[in-house]
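1. here is the input, now give the coordinates:
(one chain, ligands or ions: 2)
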Amino acid sequence: MSGSSGKGVRRRVLELVTSLSVYRQLHGIRDLELDYIRRVEEAQAEAMERVRRLAEGAGSLVDLVDRLASEGLLLEIADLIAVKAGLERPSRAGREEVARVLSGDVDFPGGRAILLALQAAARSYAEAVLERERPASRVSNICPLCGAASETMYRRRGSHYMVCHFCGYTWRVSGEVPACPRCSATPPLDVGIVSDKSRRLGLARCGRCGYTWRIILDEHVRAPLIALPLIALGAERFRGAVEAAGLGDVEDHEGGYEA
Ligand SMILES: [Zn+2]
Ligand SMILES: [Zn+2]
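-> Ligands and ions are numbered 1, 2, ... in the order given. Down below sits the predicted model:
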């Protein structure tokens with residue numbers, strides 16, 4: 001059942017939970033939420049094992065989802081996730097339900113479980129793509145694989161990457177300088193960043209296009225890609241400061257950094 005490149009359910013859950021525990025001070029997620037995250041991860045990891053082979057052979061995410069929906073496998077994994085995560089079980093998960101969930105409506109029996117099943121499929125597909133090719137290079141805040149809008153940037157080996165909170169795909173936006181993923185404006189003139197004292201986490205705002213996003217500034221933060229958006233949520237504590245300071249407004253760039 002598990003593919004040769006599969007991470008395995010236990011290892012996947014362990015990596016996510018461990019990294020969220022290690023960076024507890026950064027993200028500030030509470031125990032209760034962590035418990036739910038663990039249950040969902042266990043369920044999704046199992047679902048990912050089941051769809052891995054299909055994900056590896058799929059030409060696109062749309063093709064994969066279409067196949068899962070038409071062959072009944074989507075209902076199977078959505079049901080598995082519902083049972084494991086304690087959610088309402090779906091009775092159907094065909095093209096109609098997929099379209100409904102993707103339009104943002106999960107308010108029907110099993111809707112949330114179907115969303116989590118679609119996420120498991122997307123994560124599986126993103127992993128397969130990242131295993132066979134390098135991350136794409138593009139200035140965009142929209143995930144090129146699943147179309148979700150990302151608000152999370154991180155730094156690796158002198159480059160800045162975005163990571164998708166939905167599928168975990170990652171793409172390179174810029175080099176040394178953390179450029180705005182939407183319009184490529186750069187600090188200090190057009191982008192202001194408020195960060196903690198140790199400069200591990202920051203909230204950036206672009207004065208040119210108005211986009212705000214979170215940055216894990218510390219290269220040494222090591223966690224599975226899917227955990228990075230959760231860890232970066234800790235940057236929300238700077239939102240008030242960013243808005244109050246009008247950071248990113250062109251005239252106020254000098255104050256963009258806080259020690
Ligand atoms: Zn994505
Ligand atoms: Zn911008």
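2. any residue of whichever strand or helix holds Leu115 touching ligand 1?
-> Following DSSP states H and E, one finds Leu115 within helix 111-132. No. Applying CB under 5 Å from the ion, one finds helix 111-132 separated from ligand 1 by no less than 6.0 Å. Bear in mind the C-beta positions are built from the backbone N, C-alpha and C, glycine included.
3. please put the alpha-carbon coordinates of that helix into PDB.
-> Coordinates of the C-alpha atoms in helix 111-132 are reproduced here as PDB (Å, rounded to 0.1, in the frame of the first residue of the first chain):
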ATOM      1  CA  GLY A 111     -18.300  18.900   3.300                       C
ATOM      2  CA  ARG A 112     -15.400  19.500   5.700                       C
ATOM      3  CA  ALA A 113     -14.200  15.900   5.400                       C
ATOM      4  CA  ILE A 114     -14.300  16.200   1.600                       C
ATOM      5  CA  LEU A 115     -12.300  19.400   1.800                       C
ATOM      6  CA  LEU A 116      -9.700  17.600   3.900                       C
ATOM      7  CA  ALA A 117      -9.700  14.700   1.400                       C
ATOM      8  CA  LEU A 118      -9.100  17.100  -1.400                       C
ATOM      9  CA  GLN A 119      -6.200  18.700   0.600                       C
ATOM     10  CA  ALA A 120      -4.700  15.200   1.100                       C
ATOM     11  CA  ALA A 121      -4.900  14.600  -2.700                       C
ATOM     12  CA  ALA A 122      -3.300  18.000  -3.400                       C
ATOM     13  CA  ARG A 123      -0.600  17.400  -0.800                       C
ATOM     14  CA  SER A 124       0.200  14.100  -2.400                       C
ATOM     15  CA  TYR A 125       0.300  15.600  -5.900                       C
ATOM     16  CA  ALA A 126       2.600  18.500  -4.700                       C
ATOM     17  CA  GLU A 127       5.000  16.000  -3.100                       C
ATOM     18  CA  ALA A 128       5.100  14.000  -6.300                       C
ATOM     19  CA  VAL A 129       6.000  17.100  -8.300                       C
ATOM     20  CA  LEU A 130       8.600  18.300  -5.800                       C
ATOM     21  CA  GLU A 131      10.200  14.800  -5.900                       C
ATOM     22  CA  ARG A 132      10.700  14.900  -9.600                       C
END
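4. the helix or strand just after that helix: how far from the chain's middle?
-> Following helix 111-132 in sequence order, the next helix or strand is strand 152-156 (DSSP H and E). On the basis of CA atoms, centre = their mean, to the nearest Å, strand 152-156 is displaced by 12 Å from the centre of the chain it belongs to.
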